[in-house]
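**Student:** Next come a sequence and a model predicted from it.
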Amino acid sequence: MAMTFVFMASACGNSAMETESIDEVTDAKVKIGFSFDSFVLERWTKDRDIFVSTAVEQGASVNVQNANGNLATQIEQIKYFIKKKVDVIVIVAVDSNGLSSVVNEARQNGIKVIAYDRLIHDANIDLYISFDNEKVGKLMAEALCEATGNAGKYIMLCGPTTDDNVAKVVSGFNEVTDKTDVNITASMNADNWRAEEVYEYLEQHPDVITDIDGIMCGNDNLATQAVRYLAERGLAGSIPVVGQDADLDACQRIVEGTQLMTVYKPVEQLAVTAARYAVALAEDNNYEMENITHNQENVHLGKLQYNNISQKYITVEPYSVNKENMDQIIIEGGFHLAEEVYLNVNDSIN
């Protein structure tokens with residue numbers, strides 16, 4: 001089945017919804033609504049494309065909407081999906097604490113709900129699927145600690161507190177550094193993952209870079225601004241920087257020597273697994289749901305207890321990527337092309 005993107009903006013209350021209707025045909029056996037926080041991060045377009053392709057292959061239609069980081073807009077979008085009587089709503093939450101009422105409304109209307117990548121608090125969702133975010137933090141910390149001899153002063157440039165995963169990453173990071181002689185001397189949170197806030201913070205607090213030994217960035221987009229700040233002062237490459245998402249520019253910085261590592265999260269596995277589960281949920285196919293995670297060594301199905309609510313929880317394991325294993329994980333795995341990763345270096349490609 002061909003996949004077609006139709007972009008439109010439809011009025012909903014006082015705000016507009018950016019909508020991409022993908023093969024939204026009336027005879028589709030399953031109708032899925034997918035509300036994204038935003039497409040500010042490079043990885044979200046990958047998640048979208050893979051999820052949609054997998055769902056369409058199974059005969060489903062997908063209506064994708066972009067909340068542009070606005071909680072009120074995302075609530076309106078979910079209400080729109082309820083009105084359209086979709087079978088399943090998949091959500092990348094703008095605010096993990098702000099969607100419980102509308103999600104519970106969807107469930108009361110017989111619609112299945114999947115929290116994608118970010119947990120939705122105080123809501124009776126059908127599935128939470130994400131990466132092992134505490135492990136993401138641990139991998140970041142392990143890379144920095146190895147580079148600095150398990151000691152030194154670090155700063156943490158994190159994502160927004162409204163993203164439930166930020167706390168998990170920080171927890172994993174601190175679990176490692178607490179066992180070392182590392183001292184966290186400063187930290188900040190970039191609202192709605194706006195990377196420019198990292199650069200502004202460093203400009204306004206130049207003292208935090210003084211005698212610093214390592215920088216933890218909440219993702220590679222934030223790392224871009226941290227490295228930019230360092231580069232403008234002749235410090236790029238002298239202070240190890242870590243991030244996550246394996247964005248192309250981060251992989252380029254790693255082989256160039258201005259970023260120490262990134263955490264690669266197998267987006268394809270996450271999106272494919274979520275799409276297959278969404279269709280199975282809509283069809284009440286218990287056999288399919290029980291077997292979706294089989295034969296995937298780094299994908300695990302379990303239970304999450306949160307505020308006395310027991311939820312199905314699928315986790316996908318992440319991987320640490322550095323200069324030494326870039327080819328094996330990123331290039332051979334097909335995440336980025338070799339000529340793109342090594343675009344700015346003259347060394348021969350292994």
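**Tutor:** All right, it came through fine. All figures in this text were calculated on a predicted structure; none of them were measured in a lab.
**Student:** and stretch 242-250, how far apart are its ends?
**Tutor:** Start-to-end span of stretch 242-250 (Cα to Cα, to the nearest Å) is 9 Å.
**Student:** Can you list the neighbours in contact with that stretch?
**Tutor:** Contact partners of stretch 242-250, identified using Cβ atoms under 8 Å, 6 or more residues apart in numbering, comprise 41-43, 136, 140, 143-144, 169, 214-224, 259-265, 318, 321, 330, 335-336, 340-341. Yep, even glycine has a C-beta here, placed from its N, CA and C like the rest.
**Student:** Now, those residues that are in helices?
**Tutor:** 42-43, 136, 140, 143-144, 169, 220-224, 340-341 (DSSP state H).
**Student:** Now which of those residues would you call buried?
**Tutor:** 42-43, 136, 140, 143-144, 169, 220-224, 341 (16 or more other Cβ atoms under 10 Å).
**Student:** the strands in the stretch 201-350 of the chain, which residues?
**Tutor:** Per DSSP state E, counting those that start in this stretch, the stretch 201-350 of the chain carries strands over the ranges 214-217, 241-244, 261-264, 299-306, 309-316, 319-321.
**Student:** Of those strands, which shows the lowest average pLDDT?
**Tutor:** In terms of average pLDDT, strand 299-306 trails the rest of the strands of the stretch 201-350 of the chain, at a mean of 84.
**Student:** angle of that strand against strand 309-316?
**Tutor:** Orientation of strand 299-306 against strand 309-316 (axes from the mean of the first three to the mean of the last three Cα atoms, to 10 degrees) gives an angle of 150 degrees.
**Student:** Quick one: list the elements packing against strand 299-306.
**Tutor:** strand 309-316 (3 or more Cβ pairs under 8 Å, 6 or more residues apart in numbering; DSSP states H and E).
**Student:** Nearest residue to the residue most central in space within the chain in space, please, no chain neighbours.
**Tutor:** Nearest to the mean C-alpha position of the chain, by Cα atoms, centre = their mean, lies Asp117 at 5.9 Å. In space, Asp117 comes closest to Ser130 once its chain neighbours are excluded; the distance is 5.0 Å by Cβ to Cβ, 6 or more residues apart in numbering.
**Student:** and that neighbour, that's in a strand?
**Tutor:** Yes: if the criterion is DSSP: H, G, I helix; E, B strand; the rest coil, then Ser130 is within a strand.
**Student:** bridging residues for it?
**Tutor:** In this entry, Ser130 is beta-bridged to Thr315, by DSSP bridges.
**Student:** So what are the structural domains in the chain, by residue number?
**Tutor:** 5-131+266-319, 133-244 (automatic domain parsing).
**Student:** least reliable of these going by mean pLDDT?
**Tutor:** Looking at the domains of the chain, the bottom one is domain 5-131+266-319 with a mean of 86.
**Student:** can you give me the offset of it from its chain's centre?
**Tutor:** 13 Å (Cα atoms, centre = their mean, to the nearest Å).
**Student:** do the same with stretch 164-172
**Tutor:** 12 Å.
**Student:** buried set for it?
**Tutor:** Across stretch 164-172, burial judged by 16+ other Cβ under 10 Å covers 164-170, 172.
**Student:** can I get these in JSON lines with distance to Asp47?
**Tutor:** Compiled in JSON lines, these are given as follows (distance: Cβ to Cβ, whole Å):
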{"residue": "Asp164", "distance to Asp47": "17"}
{"residue": "Asn165", "distance to Asp47": "14"}
{"residue": "Val166", "distance to Asp47": "18"}
{"residue": "Ala167", "distance to Asp47": "21"}
{"residue": "Lys168", "distance to Asp47": "18"}
{"residue": "Val169", "distance to Asp47": "18"}
{"residue": "Val170", "distance to Asp47": "23"}
{"residue": "Gly172", "distance to Asp47": "22"}
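**Student:** between those, which is nearest Lys153?
**Tutor:** Val170 (17.0 Å; Cβ to Cβ).
**Student:** Please give me every residue in contact with that closest one.
**Tutor:** Counting by Cβ under 8 Å, 6+ apart, Val170 touches 137, 156, 158.
**Student:** Quick one: which of these is the most crowded by neighbours?
**Tutor:** The most crowded member of the contacts of Val170 is Gly137, carrying 29 neighbours; neighbours defined as other Cβ atoms under 10 Å.
**Student:** The nearest residue to it once chain neighbours are set aside in helix, strand or coil?
**Tutor:** Nearest in space to Gly137, with sequence neighbours left out and distances taken as Cβ to Cβ, 6+ apart, is Gly172 at 2.8 Å. At Gly172 the chain is in helix, as set by three-state DSSP.
**Student:** Gly172 reaches Asn165, doesn't it?
**Tutor:** No: using Cβ atoms under 8 Å, Gly172 is not in contact with Asn165, being 10.4 Å away.
**Student:** which residues do the two both contact?
**Tutor:** Residues within reach of Gly172 and of Asn165 at once, by Cβ under 8 Å, 6+ apart, are Asn133.
**Student:** Using the three-state scheme, assign Leu103.
**Tutor:** Small correction: residue 103 is Val, not Leu. Going by three-state DSSP: Val103 is helix.
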